[in-house]
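Visitor: what shape does this take:
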Amino acid sequence: MFTNNKNKSLYFERMQMIDMIRNLDNISYKEFPKFIGELYNLMGYKVELNERMNNIDLYASKFSEKLAIQAKAYSLNYNKSKAINKRRVESFALQAREKRKKPIYITTGVYTNPAYIEAKKIGVTLFDRKNIFDLISKADPSLLVEVSYLESVEKHDLKKCKHCKIGHATKVYSEDTSKFYFICMDCKKHT
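Guide: Sure, this is the predicted structure:
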């Protein structure tokens, strides 16, 4: 299936991205900035992960545009949900402006209404969960296609293909042989 190790590595990186998209509520606080950084990388930005403990997780630049990005992974699950407030937005904006970067705050969660009002007033771009999907769509629309495809296939509880180990095998009937057999929806091999 893979012509070389580079193709195999790219495939597994892509599958990791797809898995993160499908599991936004379970993505770790350490993995989320890397995920967002990869999306900006796919859009042609040069991305630098900031490992220091402060409000800026990523720096991204493309031509003259220079961004400071805060990426917070919060669950929408009822008992875990956390809203980002005005104070956090202000604190982040101050640090971004000190670095002379455009501030972008991204979360899988939600913002309070005062946070939205303050962000608009001080020029901070806020991305919520819906905006993350817009970002994915800009970075690589085929990722969303793959996510939708996998979710449509997996709800049918199909088995993994024995040949490619990636695709899903579905049972089909052959009118020529009057028998059932399995065919992989990805590699198209019969089992």
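
Visitor: how is this protein partitioned into domains?
Guide: 5-145, 157-191 (automatic domain parsing).

Visitor: chain center to the lowest-mean-pLDDT helix or strand in the chain, what's the gap?
Guide: Lowest mean confidence among the helices and strands of the chain (mean pLDDT, DSSP states H and E): helix 5-22, at a mean of 77. Computed by Cα atoms, centre = their mean, to the nearest Å, the chain-centroid distance of helix 5-22 equals 12 Å.

Visitor: could you shift the numbering so residue one becomes 244, and keep it that way?
Guide: Okay, using 244 as the starting number, the last item reads as helix 248-265.

Visitor: need the contact partners of it.
Guide: 245, 270, 274, 278, 281, 379, 386-387, 389-390, 393-394 (Cβ atoms under 8 Å, 6 or more residues apart in numbering). Quick note: C-beta positions are derived from backbone N, CA and C, even for glycine.

Visitor: hey, least reliable of the domains of the chain by pLDDT?
Guide: Ranked by mean pLDDT, those end with domain 400-434 at the bottom, a mean of 85.

Visitor: just the buried residues of that domain, please?
Guide: Across domain 400-434, burial judged by 16 or more other Cβ atoms under 10 Å covers 401, 404, 406, 410-412, 425-427, 429.

Visitor: report the two of these separated the most.
Guide: L401 and H406 (14.2 Å; Cβ to Cβ).

Visitor: that older thread, out of the domains of the chain, which is the most enclosed?
Guide: With neighbours defined as mean count of other Cβ atoms under 10 Å, the domains of the chain peak in mean count at domain 248-388, which reaches a mean of 16.
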